[in-house]
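K.L.:
give me coordinates for this.
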Amino acid sequence: MMWNNLAKLIRAATVLVLAFFQTAASAQDPNPMLAENAEERLSEHIYMIRGFPNVLIIVGTKATLVVDTGLGPTNGEIVARTAARLGGSSKLWLTTTHFHPEHAAGEGGFPNGTVLIRAKVQQEELEQDNDATITRFRMRREQDAALLKGVTYRKPDIVFESSYNMDLGGVHAKLLWAGRAHTKGDVEIFIEEDKALISGDVIQNRYGPVFATSGSGTPREWLRTLDVLSQLSPRLIIPDHSAPGNAHLIIEAQEFLKFLDSRAHKLKSMGIDKAEAAKTINGELRAKYPDWELHDVSNAVGLIYTE
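P.N.:
Here you go, the predicted model:
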C-alpha cells in the first residue's frame, strides 16, 4: 500500500511539473493572431495593429503603405482589410522589415494589385534561406503550422538597393536598408511628416536585441546601422515587438550593444572560453537591465569571438 501511494504521489508531481512548464512555455509564446478592428492611431498618418508583430499602416491621400504582414495569409487578410478601411480605394503598397515569417509570410492574404517592395539584400536573404526559417516556425506549435500551411513567397514588384522614396499623398515615406543588424536585410521606414521611424527588430523598447542563429550582424555592425538611423532624428520610434517610444530608444540600444561588445572583447582577450563568456555576459545583462525582456546573447558572443 505504501509503495502504491508513493507511486501515485510521484505521478501527480510529474503531472504538476509538466503542467507548469507547458504553462510557462505558452506564456512566453506570443499569440500569433492579429485582432480585427483593433488599430491604434499613433500619429497623423500612422496606425498600428499591436501584436506579433506590430503591423503599421501609413495612410496618404493617394496611397496606403503597409509595413509587415502578420504570420500567414489569415493575418495578412486582417491587415489588408484594415488598410482598405483606413485608406479607402487608394493604391496599396506592402513592404517588410525583414524576411522572418511573422513579418513577411502573410503577403498571400493581400489582394491582387498590391505592390510588394523589398530591399535587394532582404530578398536575396529570403531566397538563400530556402524556407528553412518558415519550416522552423511550422514546428513550433500546431497553430503556427496551420497559419503557415502552404505558404509560398512571391517575387516583389520593386527591388531597391539602399533606399526608396515614396509619395503617398501628403505624406512621404523613405524605405532604408541601413546595414546589417538583426538580419542581413533589415529595412526601416521613416515617415517624414510625422518624424517617425518604423524600426523593425533593429530598435526595440526594453526588449532584445535578438541575435538570430544566422544572418545577424555583430554588435559593431548593428551599431553602424544605428548610427545611420540616428541621423534621421526621429521623434517617434515604432518597434515591431515592443511598445513605441521616443528617440531615446536609439541611445539605449547603442549603450546595450557597446556594453555587450566591450565585455565580450575583454573576456576574449583574457582567454575566457566563449561559452563561459556568454554565460557571464548574460548574467551581467540581467543585472544591468532588470526591467528588459532579454534574450540569450550567445550568438552575439560567438560572432565577436570569430572577429
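K.L.:
CA atoms for contacts and neighbours, from now on please.
P.N.:
Noted.
K.L.:
if I pick Ala275, what's in contact with it?
P.N.:
Residues in contact with Ala275, defined by CA atoms under 8 Å, 6 or more residues apart in numbering, are Ser298.
K.L.:
tally of neighbours for Lys174?
P.N.:
15 (other CA atoms under 10 Å).
K.L.:
strands paired with the helix or strand encompassing it, and their directions?
P.N.:
In the assignment (DSSP states H and E), Lys174 maps to strand 172-176. Partners of strand 172-176 in the sheet, by DSSP bridges, are strand 163-167 (antiparallel), strand 188-191 (antiparallel).
K.L.:
ok, residues contacting that strand?
P.N.:
In contact with strand 172-176 (CA under 8 Å, 6+ apart) are residues 119, 162-167, 187-193.
K.L.:
can you rerun that using 7 Å?
P.N.:
If you take CA atoms under 7 Å, 6 or more residues apart in numbering as the criterion, strand 172-176 is touched by 162-167, 187-193.
K.L.:
before we move on, the earlier item: mind checking the strands paired with strand 172-176 for the one nearest to Asp29?
P.N.:
Among the strands paired with strand 172-176, the nearest to Asp29 by CA to CA is strand 188-191 (25.2 Å).
K.L.:
CA atoms of that closest one as CSV?
P.N.:
Extracted in CSV, the C-alpha atoms of strand 188-191 (Å, rounded to 0.1, in the frame of the first residue of the first chain):
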residue,chain,number,x,y,z
GLU,A,188,13.5,50.7,-41.7
ILE,A,189,10.8,53.2,-42.8
PHE,A,190,11.0,56.9,-42.0
ILE,A,191,7.8,58.9,-42.3
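K.L.:
can you give me how far it is from the chain middle?
P.N.:
For strand 188-191, the separation from the chain centroid amounts to 15 Å (computed by CA atoms, centre = their mean, to the nearest Å).
K.L.:
try stretch 195-206
P.N.:
9 Å.
K.L.:
which residues of this protein fall in helices?
P.N.:
2-28, 73-87, 101-104, 120-129, 132-138, 142-147, 219-230, 248-269, 274-288, 298-305 (DSSP state H).
K.L.:
now mean pLDDT too, for the ones you listed, in TSV please.
P.N.:
Shown next, in TSV, are those (pLDDT from 0 to 100):
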stretch	mean pLDDT
helix 2-28	39
helix 73-87	97
helix 101-104	98
helix 120-129	98
helix 132-138	96
helix 142-147	97
helix 219-230	98
helix 248-269	98
helix 274-288	98
helix 298-305	97
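K.L.:
among those, which is nearest Pro239?
P.N.:
Pro239 sits nearest to helix 248-269 of all those, at 9.6 Å, using CA to CA.
K.L.:
that closest one - contacts with which helices or strands?
P.N.:
helix 219-230, helix 298-305 (3 or more CA pairs under 7 Å, 6 or more residues apart in numbering; DSSP states H and E).
K.L.:
can you add distance to His100 and mean neighbour count and give the ones you listed back as CSV?
P.N.:
Putting the helices and strands packed on helix 248-269 into CSV (distance: least, CA to CA, whole Å; neighbours: other CA atoms under 10 Å) gives the following:
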stretch, distance to His100, mean neighbour count
helix 219-230, 18, 19
helix 298-305, 17, 20
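K.L.:
out of these, which is closest to Thr152?
P.N.:
Nearest of these (CA to CA): helix 298-305, 28.5 Å.
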